[in-house]
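> Kindly generate the corresponding structure for this input.
(one chain, ligands or ions: 1)
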Amino acid sequence: MTTRRTWSDWAAGRKEASISDWLRETSEPDWSATVNHPLFDALAEGRLFDEVFAAYMVQDYGFVDPFTALIGHAIGRAPSMEDRVVLGRFMGMLTSDENSVFLRTFETFEVSERARSTPNYLEATQDFRRLLQDTGMQGSYAEILAVLVVTEWIYLEWATRITRVDGLHPLQGEWIDLHDNPDFRAFVSWLRRRLHETAIDLDDEAFTRMARRFRETVAKERAFHDAVYPG
Ligand SMILES: Cc1ncc(CN)c(N)n1
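This is a model prediction of the structure:
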């Protein structure tokens, strides 16, 4: 159970206990299964066929669209200008550099106009989209942060775990770089700190809802990557 009480028990006796570390631990084995997913090894080792990479990116663009809207909700629900500035900068990167990687991937790997305009989303992609949309519409700022911590921290973790071979397709290299760079690392640290600071003051029910969102998001991450790359 992920309640305020179980968090307090876990934190007792630990120096500098962080809510995100605790939540991550309670999200096993889904967390590690996602970070160690064979999709990312195939990507890093140059074993991902072009059409498989393109299909993954089509599904992931189905994630990125409601994810971008979720950042918009986060900016709107943030308690201060300080938070809005950090989230806004991330939104800028998402809608420029990252969006460009998707569009150039579709162009380069000849994803048809039809597949782009009316994508055939897998069940797992649709589920993830629903979670992102629901969190944006119904979730508190803490719940939104919980979802963002999962999606960004998990991507930082796989991208820093893998060892890439020389000669990867440049777009695949760019995809890895987007999730393994100092700015992204700093953003993930900021998200984790803000989740802690925001969640620590929540009442029991709001705390449980935040923790449930975190665990649900980790489960969706695992299901999404299993679906796009069954191995
Ligand atoms: C499914 C998924 N999760 C997370 C990320 C990183 N924003 C992503 N692009 N796609």
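
> From now on I want contacts and neighbour counts done on CA atoms only, so please keep to that.
OK.

> so which helix or strand takes in the residue sitting nearest the centre point of the chain?
Centroid check for the chain by CA atoms, centre = their mean gives T151 as the closest residue, at 1.5 Å. Using DSSP states H and E, T151 falls within helix 141-161.

> buried residues in that helix?
For helix 141-161, the neighbour count (16 or more other CA atoms under 10 Å) marks 141-160 as buried.

> How about stretch 87-104?
Buried-residue list, stretch 87-104, by 16+ other CA under 10 Å: 87-88, 90-91, 94, 98-99, 101-102.

> just checking, W175 touches V101?
Yes - counting by CA atoms under 8 Å, a contact exists between W175 and V101, whose distance comes to 7.1 Å.

> for the helix or strand of the chain with the lowest mean pLDDT, the distance to its chain's centre please.
Ranking every helix and strand in the chain by mean pLDDT, DSSP states H and E puts helix 113-117 at the bottom, with a mean of 89. Using CA atoms, centre = their mean, to the nearest Å, the mean C-alpha position of helix 113-117 is found 24 Å from that of the whole chain.

> got it, and stretch 65-79?
Going by CA atoms, centre = their mean, where stretch 65-79 is centred and where its chain is centred differ by 13 Å.

> What average pLDDT does it get?
In this model, stretch 65-79 carries a mean pLDDT of 98.

> What are the buried residues along it?
66-75, 77-78.

> again with stretch 178-189
178-180, 184-185, 187-188.

> Closest one of these to the ligand?
The closest of the buried residues of stretch 178-189 to the ligand turns out to be H179 (CA to the nearest ligand atom; 7.5 Å).

> Confirm for me that that closest one is in contact with I154.
No - using CA under 8 Å, H179 is not in contact with I154, being 9.6 Å away.

> With adjacent residues omitted, what lies nearest to F90?
Distances taken as CA to CA, 6 or more residues apart in numbering place F187 nearest to F90, at 7.9 Å, with adjacent residues excluded.

> between the helix or strand that the one you found is a member of and helix 141-161, how big is the angle?
Secondary structure from DSSP H and E places F187 in helix 182-199. In terms of direction (axes from the mean of the first three to the mean of the last three CA atoms, to 10 degrees), helix 182-199 departs from helix 141-161 by 150 degrees.

> Which neighbouring elements make contact with helix 182-199?
Helix 182-199 sits against helix 19-26, helix 141-161, with contacts defined as 3 or more CA pairs under 8 Å, 6 or more residues apart in numbering; DSSP states H and E.

> relative orientation of the lengthiest helix in the chain and helix 141-161 in degrees?
When the chain is parsed with DSSP state H, its longest helix is helix 50-77. Put simply, helix 50-77 runs at 150 degrees to helix 141-161, going by the same axes, to 10 degrees.

> For whatever residue of the chain ends up closest to the ligand, give its distance to V165.
The minimum distance from the chain to the ligand, using CA to the nearest ligand atom, falls at T151 (4.1 Å). Taking CA to CA, to the nearest Å as the measure, T151 falls 25 Å from V165.

> The helix holding T151: how far from the chain's middle?
How far helix 141-161 lies from its chain's middle: 5 Å, per CA atoms, centre = their mean.

> ok, and what's touching that helix?
20, 31, 34-36, 40, 70, 74, 77-78, 132, 135-136, 176-177, 179-180, 184-185, 188, 191-192, 194-195, 198-199, 209-211, 213-214, 217-218, 221 (CA atoms under 8 Å, 6 or more residues apart in numbering).
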